[in-house]
Every structure is written in structure tokens, then in C-alpha cells.
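Q: Got a predicted structure here, sequence first:
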Amino acid sequence: MNMDDYQEQSGKTAIYPKNKALLYLVLGLCSEAGELAGKVKKIIRDDNGEITPEKVVELADEVGDCGWYQTQIHTELGLKSSEVAQRNLNKLNSRLARGVLGGSGDNR
């Protein structure tokens, strides 16, 4: 499945208040990222940092939830997921070519 197919299909499950769509989706993404972080924290605390195949499945589910919210944000902004991904690669490749992958700031 490609990113744009996922975007189209996942949109069928996008049920949220449209008058506050962007806020809802950004908060949802943050919430899911927090759940992912919590699972990783517990792996460090309870499993000595060992990521078992079962934990990979749990983490994949959380990453998938993050991806769902990210994809719906693309849709609300009128963007195709493939275009967002390509823009990101263009930015990163430009930084790589200029030797500025490390460091901080948006405009490197």
C-alpha cells in the first residue's frame, strides 16, 4: 500500500468534530506519541531495554496510531501524504548535501 492509498482509506474512519479538526488531530497525535513513549519507558524499566517480538507488535500499533493522526492532519491541510514525505526528503537531502544535518534550527 502506498501513502496516498492509506490516506484515502484511513479517511473513512476519520470521525471527529470538523470545526476543530486541526486542534483535535494535533492533540490526538501528541497523545498517541505519549503512549508510544510510555511503552518504550516501560521496556527500559521493566524489560532492561529488551525489545521482544511481542513488544515490537505493541510499538507498531502505537506508531500506526501516530501515523493515522499525521495522515488526517495532511488531509485537513489539503496535502497528499506522498507530497509531505517528498518535501521532507528534499529538505533532509538538502541539509545532507550542505553538511548541516546536525545542529538546530528550521532554516539550516
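A: Looks like it came in fine.
Q: Just give me the neighbour total for residue 7.
A: 20 (other CB atoms under 10 Å). To be clear about C-beta, it is placed using only N, CA and C from the backbone, and glycine gets the same treatment.
Q: Let me fix that, I meant to ask about residue 56.
A: 10.
Q: Using the three-state scheme, assign it.
A: With DSSP: H, G, I helix; E, B strand; the rest coil as the basis, residue 56 sits in helix.
Q: for the lengthiest helix in the chain, the distance to its chain's centre please.
A: Assignment by DSSP state H gives helix 21-46 as the longest helix of the chain. Chain-centre distance of helix 21-46: 10 Å, with CA atoms, centre = their mean, to the nearest Å.
Q: in that helix, what counts as buried?
A: 21, 24-25, 28-29, 32-33, 36, 43 (16 or more other CB atoms under 10 Å).
Q: What helices and strands are in contact with it?
A: helix 53-76 (3 or more CB pairs under 8 Å, 6 or more residues apart in numbering; DSSP states H and E).
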